[in-house]
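**Q** Give me a model of this one.
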Amino acid sequence: MKKFFLLVPLLFGLDMVLIGCDQSNRPTSQTSSSRSASKMSDSDLEQAIRAKFDSDAQLKEAKLDVDAEVDKSEVTISGTVRSQEARSKAVELAKGMQSGLTVNDKIDVKPAA
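**A** Numbering: from 1, shown residues only. Okay, the predicted model is just below:
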């Protein structure tokens, strides 16, 4: 009977080790969400940024082109806006699409005549 009581803590400890090993091999939700974000194609990112521009009244009328390179985590925005404020807003909206995204600002400001 004494041997049985000595085996209980040993078996419990072994069980905890095995459970811990099983948990470490499972992907966390953060890992799987970052994988899905990295699978975004260039055109998907370009369309998402254009949709953000279209949802803003000031940028909707602007003539902006978006060129994305997801592998480099880089976006280039070019075109023309009517104010420096619109230019800044376009850059900030693009940066907000994906963390760590580099935005190359090639936007010209030409006020309405």
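
**Q** which regions of this structure sit below the pLDDT cut-off?
**A** Counting by pLDDT under 70, the chain contains low-confidence residues at 1-38.

**Q** could you pull out the strands for it?
**A** With DSSP state E as the criterion, the chain has strands at 63-69, 74-81, 102-109.

**Q** Which one, of those, ends up nearest to Met40?
**A** Closest approach to Met40 among the strands of the chain is made by strand 63-69 (8.8 Å; C-beta to C-beta). Backbone N, C-alpha and C define where each C-beta goes, glycine included.

**Q** Direction included, what does the closest one pair up with?
**A** strand 74-81 (antiparallel) (DSSP bridges).

**Q** What are the buried residues along the strand it pairs with?
**A** Residues of strand 74-81 classed as buried by neighbour count (16 or more other C-beta atoms under 10 Å): Val75, Thr76, Ile77, Gly79, Val81.

**Q** could I get the residues you listed as CSV with distance to Ala112?
**A** Compiled in CSV, those are given as follows (distance: C-beta to C-beta, whole Å):
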residue, distance to Ala112
Val75, 26
Thr76, 25
Ile77, 20
Gly79, 15
Val81, 11
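
**Q** Next, give me the two most distant ones among those residues.
**A** Within these, Val75 and Val81 form the most distant pair, 16.0 Å apart (C-beta to C-beta).

**Q** hmm, back to that, columns distance to Ala51 on top of the strands of the chain, output as CSV?
**A** Putting the strands of the chain into CSV (distance: least, C-beta to C-beta, whole Å) gives the following:
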stretch, distance to Ala51
strand 63-69, 10
strand 74-81, 14
strand 102-109, 16
